[in-house]
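Participant: only geometry, no sequence info:
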């Protein structure tokens, strides 16, 4: 797997993606019981996978890992993809629930994490990569480097969030080159630690829903739609590559009238 890992790195994949594909291939090899996978074995595996009831993302990740493995082995194959199901955000957090989570934090670090996720809409992986130098406290700007699909971007965050982050930075005596959030062992914060933190805070807040970091991003977008924010502004703020992604929030709450005249092709 060491050589396969190197192959993926040279392909230009991000470390988290590399780890995911290596882990997926470990499971696939154990299932097929050989690392020298033939075309027929690959077709059989993908066929059974597509007929199973696992999630679309799991199927997609497994097939992509297999494609990379076959290419690495010199037997390149490209498989078709099943049609992606239309996604709806059925359950998000209300503004009141988010406020309860903020109130339920026990220290300035927890409060900064919740407020940043809730008010900026950054992705969990992006939050873990933020450095102090990425924050412009004077202009309320947050620079995102190497975000989804390696794209950089700028997010404008409210003054309340900036004040909280400034208090946290001063209290923890962080330097400009430091990561914004670290584990208690002093290492870079990771998504597992982030998920645990959000889960604990949501339980303190007595929120019955399943709460996870990405839900705060979905909740912000949904609440902005409900408040009547401009669709194109939402697209830019969340750095969606396609307007169709932004429109998922419109369809999820069934509020289509106000965009029909601008985007009739999506209604």
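Facilitator: Received the coordinates, thanks. All of these numbers come straight from a predicted model, not from anything done at the bench.

Participant: switch to C-alpha atoms for all contacts and neighbour counts from now on
Facilitator: Fine.

Participant: which residues of the stretch 1-150 of the chain fall in helices?
Facilitator: For the stretch 1-150 of the chain, the helices defined by DSSP state H, counting those that start in this stretch occupy 2-10, 15-32, 39-51, 56-72, 95-103, 108-120, 124-129.

Participant: looking at those helices, which is buried most?
Facilitator: With neighbours taken as mean count of other CA atoms under 10 Å, those reach their highest mean count in helix 108-120, at a mean of 22.

Participant: grab the nearest non-local neighbour of residue 116.
Facilitator: Distances taken as CA to CA, 6 or more residues apart in numbering place residue 161 nearest to residue 116, at 6.4 Å, with adjacent residues excluded.

Participant: ramachandran coordinates for residue 178?
Facilitator: Dihedral pair for residue 178: phi -80, psi 150, per degrees, to the nearest 10.

Participant: wait, it touches residue 132, no?
Facilitator: Yes - under the criterion of CA atoms under 8 Å, residue 178 makes contact with residue 132 at 6.0 Å.

Participant: neighbour count winner among the two?
Facilitator: residue 132 (19 against 15; other CA atoms under 10 Å).

Participant: let me know the pLDDT of the more buried one.
Facilitator: If you check residue 132, the pLDDT there is 93.

Participant: OK, contacts around the closest residue to residue 153 other than its chain neighbours?
Facilitator: Among residues not flanking residue 153 along the chain, residue 144 sits closest, at 5.0 Å (CA to CA, 6+ apart). Residue 144 is in contact with 126, 130, 134, 152, 153, 154, 155, counting by CA atoms under 8 Å, 6 or more residues apart in numbering.

Participant: now the residue nearest to the spatial centre of the chain: how far from residue 238?
Facilitator: Nearest to the mean C-alpha position of the chain, by CA atoms, centre = their mean, lies residue 123 at 4.3 Å. Applying CA to CA, to the nearest Å, the value for residue 123 to residue 238 is 9 Å.

Participant: just to revisit the earlier point, look up the closest residue to the residue nearest to the centre of the chain, ignoring the ones flanking it.
Facilitator: residue 214 (6.4 Å).

Participant: what about that neighbour, which helix or strand?
Facilitator: Per DSSP states H and E: residue 214 is located in helix 213-226.

Participant: give the other helices and strands that that helix contacts.
Facilitator: For helix 213-226, the packing partners by 3 or more CA pairs under 8 Å, 6 or more residues apart in numbering; DSSP states H and E come out as helix 108-120, helix 191-204, helix 231-237, helix 243-253.

Participant: format these as TSV; extra columns: distance to residue 60.
Facilitator: Formatted as TSV, the helices and strands packed on helix 213-226 follow (distance: least, CA to CA, whole Å):
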stretch	distance to residue 60
helix 108-120	27
helix 191-204	21
helix 231-237	25
helix 243-253	18
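
Participant: return the most buried member of those.
Facilitator: Across the helices and strands packed on helix 213-226, averaging neighbours per residue (mean count of other CA under 10 Å) puts helix 108-120 on top, at a mean of 22.

Participant: can you list the residues that contact that one?
Facilitator: Under CA under 8 Å, 6+ apart, the answer for helix 108-120 is 98, 101-102, 105, 122-124, 127, 155-158, 161, 164-165, 167-168, 181, 197-198, 213, 216-217, 219-220.
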